[in-house]
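Asker: starting from these lines, generate the structure:
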Amino acid sequence: MDKSLLLNIVSIIADISFIALQLLRWGLIIYILSSWLPALRESKFGEFLGKIFEPILEPFRKLIPPLGGMLDLSPIILFIVLWLFQSGLVAVFNAIVTFIVQF
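Answerer: Reported below is the predicted structural model:
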């Protein structure tokens, strides 16, 4: 297989992965802000976001329960995890590209 074809495939996979992570982050921001707007949280869009993000946030809430019963830090922890995951993906994709270029 041609190196340029492999590099293009890796580039496309990396781009799709990073776009998906970006969409996840923006969706999380909208979901967090919707907690300040009850009408948005109760809309179909808010329910859709809840179905996506509540299962993701639940394990973080078990690790760090809301402070004082009000301040939920789980979205911040999720942002950090997503950032670390993206950093790991960058390292993996760089290693793959380096491997392809060397051979």
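Asker: okay, CA-based contacts and neighbour counts for the rest of this
Answerer: Fine.
Asker: which stretches of this protein form strands?
Answerer: Here the chain has no strands by DSSP state E.
Asker: point out the other helices and strands that the lengthiest helix in the chain packs with.
Answerer: Across the chain, the longest stretch assigned as helix under DSSP state H is helix 3-34. Packing partners of helix 3-34 (3 or more C-alpha pairs under 8 Å, 6 or more residues apart in numbering; DSSP states H and E): helix 38-41, helix 44-63, helix 74-102.
Asker: what's the model's confidence in that helix, averaged?
Answerer: Here helix 3-34 scores 95 as its mean pLDDT.
Asker: what comes up buried for it?
Answerer: For helix 3-34, the neighbour count (16 or more other C-alpha atoms under 10 Å) marks 7, 10, 14, 21, 24, 25, 28, 31, 34 as buried.
Asker: cool, stretch 59-66 as well?
Answerer: 60, 61, 65.
Asker: distance of residue 82 relative to residue 103?
Answerer: 32 Å (C-alpha to C-alpha, to the nearest Å).
Asker: comparing the two, which residue is more hemmed in?
Answerer: Taking neighbours as other C-alpha atoms under 10 Å, residue 82 and residue 103 compare with residue 82 leading, 16 against 6.
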